[in-house]
Structures are given as structure tokens and as C-alpha cells.
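A.B. asks: Quick one: sequence and predicted model below, then my questions.
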Amino acid sequence: MTELELDVGRWVSRARGASRDLVRQAIAVTDPGLREFAILLSPAAGLELEAMAARAQALTRRHFGRTISLYAPLYLSNYCPTKCTYCGFASDRRIQRHKLTPAEMDSESGALKRLGIEEVLLLTGDRLRTAGYEFVRDGVARAASRFHTVSAEVFAMTASEYAGLAAAGCTAVTLYQETYDPVRYARLHESGPKADYAWRLDAPARALEGGLRSVGLGVLLGLSDPLEDVLRLFRHAVWLRRRFWGGGVSISFPRVRPQSGDYAADFPVGERLLAQIVFAFRIAMPDVTLVLSTRESPRFRDGIAGVGISKMSVASRTTVGGYAETTAPSSPQFEIDDERGVEEFCAMLRASGLQPVFKNWDAVYREPECLTSSAST
Amino acid sequence: MEDGFRLGDRVFRSRLLLGTGKFSSVETMLAAVRASGAELVTVALRRFNRERADDDIYGPLAAMPGITLMPNTSGAMNAREAVRAALLGREITGSPFVKLEIHPNPHHLMPDPIETYEAAVSLVKEGFFVLPYISADPVLARRLEDAGCAAVMPLGSAIGSGQGLATLSMLQVIIRDAGVPAIVDAGLRSPSEAAAVMEMGGDAVLVNSAIAAAEDPELMAEAFATAVKAGRQARRAGLMPRSETAIATSPLTAFLAGEGS
């Protein structure tokens, strides 16, 4: 997609100048679009959070029911050739690095299965010869022999590589643009494969071309002007949905977290603005899965579960592996805030009238050849 | 006379079918099923979980007396996936019924007519009683009937939308012409809409979101059951004809009375 297709200039000024009346109308409109989304991000909308939350909760219930889908991340490697200023895995950090061996991968999977996890998100650093496409694909195949749903949050790939992931049993790919501002992007990603803004921007489209069922998008809140970034993120999602009619889109809301390099966000996003962004997405995209990780605090997660958010990670580790005791130690990518275990988190959801859903997919929907190949891996 | 309707080799008395997703807990779902009096209940194969009991919605339903389970293929994006899911569902549940759902777009969840038709043909050959979920398309409904489906399940409006009978005029054609039971599935929000379907001659309705998303799902399930019964009774009782205008006291044809017979 082009810069022109991501242009949000007039929507930014519209959002900055919106009145409370316009906000109230935007909350109530039955067929919202970019115009309403921009108004819902305005400072004026920040004064209507309660009304936005009520609408967001009603829409979440209608489309997703009183349920929260659960998943857990599993880092396969923290080796990385790229220097992202904000990332704990950046190549210039002196941290403990590790890459899961096949045996460790199996014990990590076993540990997650014992927790009841059925959806696993596999992560790595940026592309390396020793942790490249084949490494990820083999990891997917190995995980697909154990879990009903496998998705990957990895470096930008070619369409044929994405097709290879899909054939190995991968359902979805998550790939945050981090920031949609090309100037900020260049400054934050000084070297390595990830420095190529356009290649990354077009990766979700290549993933859907390659046959993945769904792509996860997001910006790392704190890196750049949140209003501009989130408006561009919305346009990106709309563009993908129009171009790939059978493809799914989900949105995540990561914020810069403390990590080993002590990067401080240049554009800090507080909890009120974060909640406002989640509500705005839910109101303007009622049928899109909205995801929140354990980066956020238990208080925030408890409050926003089902109020816009429909899918959450649980019991996460951001070290390589970290669920099984036998895996070699490594440093985390960032600090998590919600450290509760699966049972404690589920008890909270149930007490809030929400059913935790571990299995929302079935391996039977994978092509049989992929089942055979992963079973023999 | 017993007022049942036939699906495959069975006759069902309750004309309210229930979907089982979206509930806040398994207990709430079971209470709603009980309160609805439903005899035929659909459950998504993707929500079967044989490894974690508190995440499984199939086991508790299978243990309920008086319920026939109908696995559904929700999550399938094409005919191949739906057929595999149906076969696995039958293997696990032993039920000959399958609710055939194929929605390639995970957002609006509209059914794919081409893939659905293809899968229906295969599943009928496999000996299933196939209940295909379709757009309110009278031609597709007849084509599926001709392919041997046990019923057709046109949507009232988009799944979970609560927009009610947005497809009313097409539903009327489907219901009028159907040679198999026509079951309106998806989009219903209120019991009065379910009653309206029964009044216009629909054979049954399938409800999920409207009950699961209600403040009190159990009470809403009962309300739908009552409405379906009332609508069906009204249909059997014969509604008086609807008239657009009042009947004139001086008939326009009074002048014809003078002609000798």
C-alpha cells in the first residue's frame, strides 16, 4: 500500500477539533467508519469514556458473546540482528541469548498443554540465517502437532514463505508496524532487516496472499504520535479487509514496557488514552478481534476484558521458553505486568461473568497433508 | 394431534432450536437449554475440548437427557474443511445431524453459497441429515432441497447482528415454496420476531446470540419458547386476513344488485 492510502492528515485535524456533541453522535452511529473513528480518538471523546465503554461492551457481547479467547506466547529464540531502540532483544543489548532446541520446544509445549493452553503464538527476533524461515516453519509444524491453533509473531516474510507457514499449520500471523510514521520508524530501526519500512508495511498483505487465515496488526504505543499512528493503523486494517475479502484482521494494543535498554517512550500513552483507543476500535470495527497482552496490569486487564477486548494472553513468559523448567535460561524481551497464573486469571474472568475459552478452533480445519507432515516431525 | 415437525428420521415437538456459543458459563448455557425446552441443540466442533473439561461444551450437553445434538462446522472456510469437520463431529457424537456452516469471512460470517452447496452434496452422500445455513436465497434453498438436505436454514439477518427479520420478503418466498422444513437461523433479537416466523409458516427457528447476550439468558430462553409456541398456535388457528383499508359500508358494487338473476 502507498503513503497516499495511509494519509490521515484531515482526520487528525478533525479529531483534534471534535466537539462533545460530535462524539456523542459518533458513539451512537450504526455504521461507523474512519470519520467516527477519528472523532472517538479526540480529546473531547476522552471526556466520554463511560459512554464509549458502555457501547464497546454491548458490541463486544453481541459479536463475541460473554467470552474471552485465551492464548499464550512462546518465544522460540531471542537472537536478533536488528537494533530497535525500544526492544529488549536488540542486537546491541548484552543479554542472555537462547534458541529452543527441538527437545526444549517439546517440553515447553507439554508445559503449556498442562496449563490447558490450546492456542500458542510463536515468536522470534528478526531474520537470521540460524533463526530464519525454516526455523520458524519447523517450529510451527512441531507446535501444530500439539496445539489446535498455532500463530506466529515473527519477521516479515515473502508470500511464498507465508504459504509455507500456512501449510505447516499456522493460522495467523501477527506483525506490528510499530509506527506508521516513516521518519520515526527510520530513527527507531537503525539497522538490520527490519529497517525496511515498506517491506514490513506490505507483509500483512503478503501473509494473506500466502494463505494465512488472519493477520494481527498493531502499533507499539509510545513510539510516535498515537493519534496519527492509530488512524493509520485503522486505514491499514480497512485496506486489508477490502483487498482480501476472506481474510481476517485482528488488532493488538501493545504499549512500550520497561526492558533491559531502559528506553523511555517519547510519546507516553496513559491508561485512559489506551482504553479510549480500544473503545474506539470496538465501536468502529464491531466484528474485529481485539487483543490485549499481559504487558498491562491486572487492574487494567480485569476492567477492560469484555469491554472491547475479546482475546487475551495469559500466564505469559517473554523469555525464550520459560514454561518448562528444563529450558536453558535467557533474558526477557520486556517485563510483563500481569503475572497471574491460568487458574487465577480464569477465576477473575468467571467472577466477571465471562467464560474463558481455551479452544476456539480445531485442527481438523488444517489440510490433511499438513497434519501428516507435522505429526511426523 | 401432535404438532411436530420432521427432520430426517425424527419428529421434534419443540420448534425452538438452540445454539450454544457465546454464553458466560457452561452452567448458564445448560440452564438456557433447559428453559428453552429445545430438543435439537447445535454445538460447534471447534468448542469440543477433550483435554480440558472446564473448557468443553460438548460433554455437559451430551449428558443432558432429551436432547439431540447437532454438531456444526462453524470455522470451516470451504467445503473440504466442512466435510472433514462433519465427519469428525459424527464420529464423536454419533449424531446423524449436521448444521452445515461455511463462512470464509471471519468478520461478517456470511455463508458461502457455492462451498455450502458442494459440501451439502457430499454430506448427503455420506448419509448425514444436512441442515445448511444459507443466505435468504429462494433459489439456493430449492437447489439444496433437491440435493437432499433435510431442511434449509436461511438467515433472518447477519449472525449476532440482532437485526431481526431483515430478509423478510425472501424468507416468505422460501417458506412458501419449501418442500423440507424451513428453519430461520441467525439475526433474531426478540421473541416477537421468532413468533413472526412461526406465524408466517416457518417450521422452526434457531436462536443463540439473542439468548446468550441477554441480561438473563435463562429467562430469555423461556421467553423465546413461549413466543415460538404462541406463533405456531396462531399459524394453526388461522390468522384473520389483513386488510389495507376499512370495508366500505356502501359497497361499490351495490348497483349490480338490480340485475335480475
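C.D. replies: Structure's in. What do you need?
A.B. asks: can you map out the strands along the chain?
C.D. replies: Assuming you mean chain A. Shown for chain A, the strands assigned by DSSP state E span residues A:67-75, A:119-123, A:149-153, A:172-174, A:214-217, A:248-252, A:289-292, A:311-313, A:355-357.
A.B. asks: you looked at the wrong chain, it should be chain B
C.D. replies: Counting by DSSP E, the strands of chain B are B:5-7, B:10-12, B:16-19, B:40-44, B:68-72, B:97-100, B:129-134, B:153-154, B:183-185, B:204-207.
A.B. asks: May I see the strands of chain A organised as JSON lines, with mean pLDDT added?
C.D. replies: Converted to JSON lines, the strands of chain A look like this (pLDDT from 0 to 100):
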{"stretch": "strand A:67-75", "mean pLDDT": "95"}
{"stretch": "strand A:119-123", "mean pLDDT": "96"}
{"stretch": "strand A:149-153", "mean pLDDT": "96"}
{"stretch": "strand A:172-174", "mean pLDDT": "97"}
{"stretch": "strand A:214-217", "mean pLDDT": "98"}
{"stretch": "strand A:248-252", "mean pLDDT": "97"}
{"stretch": "strand A:289-292", "mean pLDDT": "98"}
{"stretch": "strand A:311-313", "mean pLDDT": "97"}
{"stretch": "strand A:355-357", "mean pLDDT": "94"}
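A.B. asks: May I see those strands organised as JSON lines, with mean neighbour count and distance to chain B added?
C.D. replies: Placement of C-beta: from N, CA and C, glycine included. Converted to JSON lines, these look like this (neighbours: other Cβ atoms under 10 Å in any protein chain shown; distance: least, Cβ to the nearest Cβ, whole Å):
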{"stretch": "strand A:67-75", "mean neighbour count": "24", "distance to chain B": "6"}
{"stretch": "strand A:119-123", "mean neighbour count": "23", "distance to chain B": "11"}
{"stretch": "strand A:149-153", "mean neighbour count": "26", "distance to chain B": "9"}
{"stretch": "strand A:172-174", "mean neighbour count": "24", "distance to chain B": "10"}
{"stretch": "strand A:214-217", "mean neighbour count": "22", "distance to chain B": "6"}
{"stretch": "strand A:248-252", "mean neighbour count": "22", "distance to chain B": "4"}
{"stretch": "strand A:289-292", "mean neighbour count": "22", "distance to chain B": "8"}
{"stretch": "strand A:311-313", "mean neighbour count": "23", "distance to chain B": "12"}
{"stretch": "strand A:355-357", "mean neighbour count": "25", "distance to chain B": "5"}
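A.B. asks: excluding its backbone neighbours, what's nearest residue A:66?
C.D. replies: residue B:24 (3.6 Å; Cβ to Cβ, 6 or more residues apart in numbering or on different chains).
A.B. asks: How about the residues of the stretch 151-300 of chain A by chain B?
C.D. replies: Proximity of the stretch 151-300 of chain A to chain B is confined to A:213, A:214, A:241, A:245, A:246, A:248, A:249, A:287, A:288 under the rule Cβ under 8 Å from any Cβ of the partner chain.
A.B. asks: any idea how far residue A:189 is from residue A:195?
C.D. replies: Noted for residue A:195: a distance of 5 Å to residue A:189, by Cβ to Cβ, to the nearest Å.
A.B. asks: In chain A, what residue lies closest to chain B?
C.D. replies: When distances are taken as Cβ to the nearest Cβ, chain A approaches chain B most closely through residue A:65, which lies 2.3 Å from it.
A.B. asks: So for that residue, what's the pLDDT?
C.D. replies: At residue A:65, the pLDDT value in this model is 92.
A.B. asks: Can you name the residues that contact it?
C.D. replies: For residue A:65, the contacting residues are A:355, B:21, B:22, B:23, B:24, B:209, B:212, B:213, taking Cβ atoms under 8 Å, 6 or more residues apart in numbering or on different chains as the criterion.
A.B. asks: Any figure for the gap between the residue nearest to the first one when sequence neighbours are not counted and residue B:123?
C.D. replies: To tie it back to what came earlier, the one meant is residue A:355. Nearest-residue entry for residue A:355: residue A:67, 4.7 Å, with adjacent residues in sequence omitted and distances by Cβ to Cβ, 6+ apart. When Cβ to Cβ is applied, the distance between residue A:67 and residue B:123 equals 28 Å.
A.B. asks: which pair in the contacts of residue A:65 spans the largest distance?
C.D. replies: Between any two of the contacts of residue A:65, the greatest separation by Cβ to Cβ is 14.3 Å, found for A:355 and B:209.
A.B. asks: returning to that earlier point: buried subset of the contacts of residue A:65?
C.D. replies: Those of those that meet the buried threshold are A:355, B:21, B:22, B:23, B:24, B:209, B:212, B:213, by 16 or more other Cβ atoms under 10 Å in any protein chain shown.
A.B. asks: Just the ones of the residues you listed in helices?
C.D. replies: Counting by DSSP state H, these place B:209, B:212 in helices.
A.B. asks: Please convert the buried ones among the contacts of residue A:65 to a markdown table, extending it with distance to residue B:172.
C.D. replies: Output for the buried ones among the contacts of residue A:65, formatted as a markdown table (distance: Cβ to Cβ, whole Å):
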| residue | distance to residue B:172 |
| --- | --- |
| A:355 | 37 |
| B:21 | 28 |
| B:22 | 29 |
| B:23 | 32 |
| B:24 | 35 |
| B:209 | 23 |
| B:212 | 28 |
| B:213 | 27 |
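A.B. asks: quick one on the thing from earlier: would you turn the strands of chain B into CSV with distance to residue A:171 and mean pLDDT?
C.D. replies: What follows is the strands of chain B, written out as CSV (distance: least, Cβ to Cβ, whole Å; pLDDT from 0 to 100):
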stretch, distance to residue A:171, mean pLDDT
strand B:5-7, 33, 94
strand B:10-12, 36, 94
strand B:16-19, 23, 96
strand B:40-44, 16, 93
strand B:68-72, 19, 95
strand B:97-100, 22, 97
strand B:129-134, 22, 97
strand B:153-154, 27, 97
strand B:183-185, 26, 95
strand B:204-207, 27, 96
